[in-house]
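Student: Take a look and give me a structure for this.
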Amino acid sequence: MSALPEVEGVTHHWVRVRGVELHYAEAGSGDDVVLCLHGWPQHWYEWRRLMPALAADGYRVIAPDLRGFGWSEAPADGYEKENLADDVLALLDELGLERVKLVGHDWGAGSASSSACGSRCASSATSRSTSCRPGRACGRWRRTCGGSGTSG
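Tutor: Next comes the predicted model:
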């Protein structure tokens, strides 16, 4: 992967969760956290215009690269929606985040939509072309966040 694009006010970090090294971009600070989940085949840079604006409004903004995308590690397997959701939950655990606001696009929206109602997910805004169906694909989001596991 090429060098990280520079965006004023955005810093970059890596954390190992569930055996995969994930990259995430971060802007702003504080306890009011917005988690931005990218679509396919994008990465954190999809949020480059939104992150500084939200940070200026007082939010801490975190935009991870899902496994295999952007500057995150690309293992040979584990790309099922449930694994991607589990990676995001593990990232939240690693960062000590109990509650976030979710913004998602495309693949990221499936996770955001299915987890919008629950103890860790204060609210969400999504734009998607894929959906998350009940059952295995969204099971952990549903169990953790109390959502229905569907997005309509």
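Student: Number of residues surrounding the nearest residue to Ala55 once chain neighbours are set aside?
Tutor: Among residues not flanking Ala55 along the chain, Gly28 sits closest, at 3.1 Å (CB to CB, 6 or more residues apart in numbering). For the C-beta atoms, the positions are set from N, CA and C on the backbone; glycine is no exception. Per other CB atoms under 10 Å, the neighbour tally for Gly28 reads 21.
Student: now Gly28: how far from Pro41?
Tutor: According to CB to CB, to the nearest Å, Gly28 and Pro41 sit 26 Å apart.
Student: on that earlier part again, quick one: the residue nearest to Ala55 from Ile62, how far?
Tutor: Counting by CB to CB, the gap from Gly28 to Ile62 is 9 Å.
Student: can you pull the buried residues of stretch 14-21?
Tutor: Neighbour-count burial for stretch 14-21, with 16 or more other CB atoms under 10 Å as criterion, is recorded at 17, 20.
Student: What separates the first and last residues of that stretch, distance-wise?
Tutor: This stretch, stretch 14-21, spans 6 Å end to end (CA to CA, to the nearest Å).
Student: host element of Ala53?
Tutor: helix 50-56 (DSSP states H and E).
Student: list the buried ones in that helix?
Tutor: Buried residues in helix 50-56 (16+ other CB under 10 Å): 51-52, 54-55.
Student: Going by residue numbers, what spans are helices in the chain?
Tutor: For the chain, the helices defined by DSSP state H occupy 50-56, 81-94, 107-114, 139-145.
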